[in-house]
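Asker: Using only what follows, build the 3D model:
(one chain, ligands or ions: 2)
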Amino acid sequence: MPEIMERSSRGRTTPRGRIAPIVAVGSGKGGVGKTWLSISLAHAFAAAGKRVLLVDGDLGLANIDVQLGLNPESDLSAVMAGWIELDDAVSKVANGAGAGGFDVLPGRSGSAALAELPMEETARLAAGIAALSLRYDHVLIDLGAGIEPNVMRLARAADRVVAVVNDEPTSLADCYAFIKQFRLYRPDSTPWAAVNMADNRASGRRTHEALSKACQSFLGFRPPLAGIVNRDPLVRDAIRAQVPLSIRHPRAPAWMDVKAMADALLEGVSMPDDR
Ligand SMILES: Nc1ncnc2c1ncn2[C@@H]1O[C@H](COP(=O)(O)OP(=O)(O)OP(=O)(O)O)[C@@H](O)[C@H]1O
Ligand SMILES: [Mg+2]
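Answerer: Numbers count the residues shown, from 1 in each chain. Ligands and ions are numbered 1, 2, ... in the order given. Okay, the predicted model is just below:
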């Protein structure tokens, strides 16, 4: 079977199946769990001993800092205004248990300047993230909802795009639209899918199958499955407490699911269709 290649942000080619240093998490539709999943994957990568940078790529409505309960001294709005360098906007996040922390590049919620960033500035930010990524094992970019050019521009900074989807028809439609739009920019890429808020594993499988059927029919490929995260009331409890799920509820089913997804992404091996 010929190896499927993805073009990386640094001009190399990355075979599908090998680890991707920069992962962008998108979805098209809002509210499907991109931010929570990005943060949780950052915790899981860090717990696996990786040096991790988490970037708030939701430029207009950033909320990584809010979910993490951070009060950062600086953020991307100061970088884009030219007041500080990208490096200076990086904050450290401890995991609450003394180990496994990671770095975060926070945004600023409600910043009109970031929401309306001109395309060339977004391209500059994408290049800055690619340069910063050399200091880390993994970089996660939490993208904003939608399929606007700025969202796509940041997605293109990644070696791998993971599209989050749930079983609602609107999520499936918007996730397909996101993947289709991304492939206009990167026809040779293979975005992965991540099912969130599944009622159970079988229903998560069905969601992936529905998305895959649409992608296969109209785009000619099936998005590999990064994993399935079940709907878990403990997620909401941890977000409200602004404490990582892994700390507040270390045995939470959703945390187990995220750890399995992190392993799949770290190893570059998607979930087989029959598991
Ligand atoms: N696996 C899950 N189980 C239960 N609730 C979840 C799960 N994942 C996410 N949620 C809930 O969904 C809400 C929205 O999540 P999140 O803010 O991460 O979505 P988003 O896709 O980043 O939204 P936006 O597009 O607005 O940025 C969370 O506040 C949380 O309550
Ligand atoms: Mg979000």
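
Asker: show me where the protein has helices.
Answerer: 34-47, 64-68, 76-80, 112-115, 119-132, 149-155, 169-185, 201-219, 233-241, 245-248, 253-267 (DSSP state H).

Asker: could you dump these to JSON lines with mean neighbour count?
Answerer: C-beta: built from backbone N, CA, C; applies to glycine. Compiled in JSON lines, the helices of the chain are given as follows (neighbours: other C-beta atoms under 10 Å):
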{"stretch": "helix 34-47", "mean neighbour count": "25"}
{"stretch": "helix 64-68", "mean neighbour count": "21"}
{"stretch": "helix 76-80", "mean neighbour count": "22"}
{"stretch": "helix 112-115", "mean neighbour count": "17"}
{"stretch": "helix 119-132", "mean neighbour count": "17"}
{"stretch": "helix 149-155", "mean neighbour count": "21"}
{"stretch": "helix 169-185", "mean neighbour count": "18"}
{"stretch": "helix 201-219", "mean neighbour count": "17"}
{"stretch": "helix 233-241", "mean neighbour count": "16"}
{"stretch": "helix 245-248", "mean neighbour count": "20"}
{"stretch": "helix 253-267", "mean neighbour count": "19"}
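
Asker: gap between residue 153 and ligand 2?
Answerer: In this view, residue 153 and ligand 2 are 17 Å apart by C-beta to the ion, to the nearest Å.

Asker: shouldn't that residue be in contact with residue 127?
Answerer: No - Residue 153 is not in contact with residue 127 according to C-beta atoms under 8 Å; the separation is 10.4 Å.

Asker: Chain neighbours aside, what residue packs nearest to the residue in the stretch 51-200 of the chain that ligand 1 sits nearest to?
Answerer: Of all residues in the stretch 51-200 of the chain, residue 145 sits closest to ligand 1, at 3.6 Å by C-beta to the nearest ligand atom. Counting by C-beta to C-beta, 6 or more residues apart in numbering, residue 145 lies nearest to residue 30, which is 3.5 Å off, once chain neighbours are set aside.

Asker: and if you look at residue 248?
Answerer: In space, residue 248 is closest to residue 238, 4.5 Å off (C-beta to C-beta, 6+ apart).

Asker: check contacts around that neighbour.
Answerer: Taking C-beta atoms under 8 Å, 6 or more residues apart in numbering, we find residue 238 in contact with 244-245, 248-249, 252.

Asker: same question, residue 140
Answerer: Shown in contact with residue 140 (C-beta under 8 Å, 6+ apart): 23-25, 38, 41-42, 45, 52-55.

Asker: The residue of the stretch 51-200 of the chain closest to ligand 1 contacts residue 35, doesn't it?
Answerer: No - proximity of residue 145 to residue 35 does not meet the contact threshold set by C-beta under 8 Å, at 10.1 Å.

Asker: Please enumerate the shared neighbours of these two.
Answerer: Counting by C-beta under 8 Å, 6+ apart, the residues touching both residue 145 and residue 35 are residue 58.

Asker: The chain against ligand 1: which residues are in contact?
Answerer: Taking C-beta under 6 Å from any ligand atom as the criterion, the chain approaches ligand 1 at residues 27, 30-36, 58, 145, 196-197, 229, 231-232, 235-236, 239, 254.

Asker: near ligand 2, which of the residues you listed show up?
Answerer: When C-beta under 5 Å from the ion is applied, the members of those adjacent to ligand 2 are 34-35.
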